[in-house]
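Q: model the structure of this input:
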Amino acid sequence: MTLELIMIPFLGTTLGAACVFFMKSELGEMVRRALTGFASGVMVAASIWSLIIPAMEQSEKMGRLSFVPACVGFWLGILFLLLLDSVIPHLHMNAEKAEGPKSKLKKTTMMVLAVTLHNIPEGMAVGVVYAGFVSGNTSITAGGAFALALGIAIQNFPEGAIISMPLHAQGQSKIKAFLGGVLSGAVEPIGALLTIIAAGFVVPMMPYLLSFAAGAMMYVVVEELIPEMSEGEHSNIGVIMFSVGFTLMMALDVALG
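A: Now for the predicted structure:
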């Protein structure tokens with residue numbers, strides 16, 4: 001089950017990158033907004049039911065202070081992504097200042113870097129949930145781990161498309177553009193596998209790892225996905241799909257658990 005689970009998010013990225021073979025233009029604004037809203041709802045629900053709640057349940061022996069590991073880990077996840085964003089925009093600004101025919105390619109390179117780096121904590125989230133399950137923790141179920149992986153895969157679909165299609169538009173072959181999109185998600189199964197291996201030696205740190213993943217995912221949702229789904233006209237589409245994604249993920253986590 002380990003390999004199948006950690007490959008589910010990567011499959012989402014791969015399918016999104018494959019859009020370059022079937023579509024002549026980028027994803028429509030309404031479609032992208034709907035997918036982004038849906039993914040936001042899925043990731044928020046996953047952060048709560050699959051990560052934060054299990055983290056607090058594992059710390060119940062601390063009594064009224066059981067929230068401490070969850071809070072500490074959550075903030076570490078937030079600060080980790082904040083650190084990444086303090087570097088990525090700087091690189092992006094340098095790309096925007098670039099002149100000449102290669103400037104657009106540099107911008108796309110920065111976008112690929114940004115997506116790749118932000119995929120790391122998502123892979124960690126899948127890895128740490130699965131590690132918690134195999135360690136025998138009763139608060140984490142196989143269904144919950146599967147639901148989380150599926151939710152991240154849905155979120156990865158538009159990411160794969162927004163990498164491969166601009167690369168093709170800038171002159172790269174469809175094969176090379178597809179591989180570029182696929183490689184941006186390759187860090188997820190690697191991160192998941194490394195987290196599973198590491199978590200086996202640091203089971204007592206599981207509450208911190210779970211909430212770290214939750215904080216990282218929530219940062220991505222609030223900083224990137226929600227603004228994207230809300231901009232422009234018909235922002236209500238994003239809100240509706242957010243609600244659909246949230247309730248679906250919540251139902252999957254409970255039902256499969």
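
Q: run a quick neighbour tally on residue 18.
A: 18 (other Cβ atoms under 10 Å). C-betas here are computed from N, CA, C, even on glycine.

Q: can you count the residues close to residue 21?
A: 12.

Q: who's in contact with it?
A: Residues in contact with residue 21 (Cβ atoms under 8 Å, 6 or more residues apart in numbering) are 174, 178.

Q: same thing with residue 153?
A: Neighbours of residue 153 in contact, by Cβ under 8 Å, 6+ apart: 8-13.

Q: where's it relative to residue 126, distance?
A: Separation of residue 153 from residue 126 (Cβ to Cβ, to the nearest Å): 10 Å.

Q: and the helix or strand hosting residue 182, average pLDDT?
A: Secondary-structure assignment from DSSP states H and E places residue 182 in helix 174-184. Helix 174-184 carries an average pLDDT of 87.

Q: which residues touch that helix?
A: 13-14, 16-18, 20-21, 112, 115-116, 119, 159-161, 163-165, 167-168, 172.

Q: can I have the buried ones of these as a PyMOL selection?
A: The following PyMOL line selects those of those that are buried, judged by 16 or more other Cβ atoms under 10 Å:
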select buried, resi 13+14+16+17+18+20+112+115+116+119+159+160+161+163+164+165+167+168+172
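
Q: where does residue 170 fall, phi/psi-wise?
A: Main-chain dihedrals, residue 170, degrees, to the nearest 10: phi -90, psi 10.

Q: pretty sure residue 154 contacts residue 40?
A: No - applying Cβ atoms under 8 Å, one finds residue 154 not in contact with residue 40, separated by 10.4 Å.

Q: in terms of neighbours, single out the busier of the two.
A: Shown here are residue 154 and residue 40; by other Cβ under 10 Å, residue 40 has more neighbours (26 against 21).

Q: one step back: any idea which helix or strand comes after the helix holding residue 182?
A: helix 187-199.

Q: for that following helix, C-alpha coordinates in PDB please.
A: Only the C-alpha atoms of helix 187-199 are listed here, as PDB (Å, rounded to 0.1, in the frame of the first residue of the first chain):
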ATOM      1  CA  VAL A 187       9.600  15.700  -5.100                       C
ATOM      2  CA  GLU A 188       6.300  14.600  -3.500                       C
ATOM      3  CA  PRO A 189       6.800  10.800  -3.600                       C
ATOM      4  CA  ILE A 190      10.400  11.300  -2.600                       C
ATOM      5  CA  GLY A 191       9.500  13.600   0.300                       C
ATOM      6  CA  ALA A 192       6.800  11.200   1.400                       C
ATOM      7  CA  LEU A 193       9.100   8.200   1.300                       C
ATOM      8  CA  LEU A 194      11.900  10.000   3.200                       C
ATOM      9  CA  THR A 195       9.300  11.200   5.800                       C
ATOM     10  CA  ILE A 196       8.000   7.600   6.300                       C
ATOM     11  CA  ILE A 197      11.600   6.400   6.800                       C
ATOM     12  CA  ALA A 198      12.400   9.200   9.200                       C
ATOM     13  CA  ALA A 199       9.100   9.000  11.100                       C
END
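
Q: that one: how far from the chain's middle?
A: Computed by Cα atoms, centre = their mean, to the nearest Å, the chain-centroid distance of helix 187-199 equals 14 Å.

Q: so for it, mean pLDDT?
A: 81.

Q: got it, and stretch 207-216?
A: pLDDT averaged over stretch 207-216 gives 87.

Q: report all helices and strands that the strand or helix carrying residue 54 contacts.
A: For residue 54, the enclosing helix or strand under DSSP H and E is helix 53-57. Counting contacts by 3 or more Cβ pairs under 8 Å, 6 or more residues apart in numbering; DSSP states H and E, helix 53-57 packs against helix 67-97, helix 206-220.
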